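A.B. asks: based on what follows, work out the 3D shape:
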Amino acid sequence: MALRKMCVAAGCVDLAIEGLAHCEDHESERQAKTAARRDQAGKSLHALAHAALYRLKAWKVGRLAFLRRYPLCADCAELGAVVEAKEVDHITPHKGDKRLFLDRRNWQSLCKSCHSRKTAGEVFHGKGG
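C.D. replies: This next block holds a predicted model:
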């Protein structure tokens, strides 16, 4: 049986769910807050404008051609790993700039986990661009 830790919520004396940082009540609250933030973020004018760029035919056709030409994850390759890329990343965040969005010199092929990590750093931690 693994050791269980105390819930990290201020003043809570309950045990955390195994492998998590919160008790059942506080984990439910955390998940609800996260879902609400994601829902609001997806409805913003900023998010809707960006979504329109990803519907452009030039992007849809271009990204497939780019992945055919560069099929391996650029980040994994730097570590000596050979991993199939599934996503095309904008090296410098485009921030809605259509010219930068479609500039293939600003693209790199990444696997799902590398792209998610990079995007989370940009969106939630202000890293990059």
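A.B. asks: any residues touching stretch 95-112, and which ones?
C.D. replies: 46, 49-50, 53, 56, 58-59, 62-63, 66-67, 70-76, 83-92, 94, 118, 129 (Cβ atoms under 8 Å, 6 or more residues apart in numbering). All C-beta spots, glycine's among them, are computed from the backbone N, C-alpha and C.
A.B. asks: rerun at 7 Å
C.D. replies: 49-50, 53, 58-59, 62, 66-67, 70-76, 83-92, 94, 118, 129 (Cβ atoms under 7 Å, 6 or more residues apart in numbering).
A.B. asks: again, but for stretch 39-49
C.D. replies: residue 96.
A.B. asks: pLDDT on that stretch, on average?
C.D. replies: Across stretch 39-49, pLDDT averages out at 74.
A.B. asks: quick one: that stretch to chain centroid distance?
C.D. replies: Chain-centre distance of stretch 39-49: 15 Å, with Cα atoms, centre = their mean, to the nearest Å.
A.B. asks: kindly check the end-to-end length of it for me.
C.D. replies: 16 Å (Cα to Cα, to the nearest Å).
A.B. asks: re earlier: quick one: which of the contacts of stretch 95-112 sit in strands?
C.D. replies: Among the contacts of stretch 95-112, the members falling in strands (DSSP state E) are 87, 88, 89, 90.
A.B. asks: could you measure the second one against residue 55, distance?
C.D. replies: Same thing as residue 88. Here the criterion is Cβ to Cβ, to the nearest Å. By it, residue 88 lies 15 Å from residue 55.
A.B. asks: neighbour-wise, which of these two wins?
C.D. replies: Set residue 88 next to residue 55 and count neighbours by other Cβ atoms under 10 Å: residue 88 wins out with 20 against 8.
A.B. asks: give me the neighbour count for the closest residue to that one other than its chain neighbours.
C.D. replies: Once flanking residues are discounted, residue 88 sits nearest to residue 63: 4.3 Å by Cβ to Cβ, 6 or more residues apart in numbering. Number of residues near residue 63 (other Cβ under 10 Å) recorded here: 16.
A.B. asks: who is the residue nearest to residue 89 when sequence neighbours are not counted paired with across the strands?
C.D. replies: Distances taken as Cβ to Cβ, 6+ apart place residue 110 nearest to residue 89, at 4.7 Å, with adjacent residues excluded. Beta-bridge partners recorded for residue 110 (DSSP bridges): residue 87.
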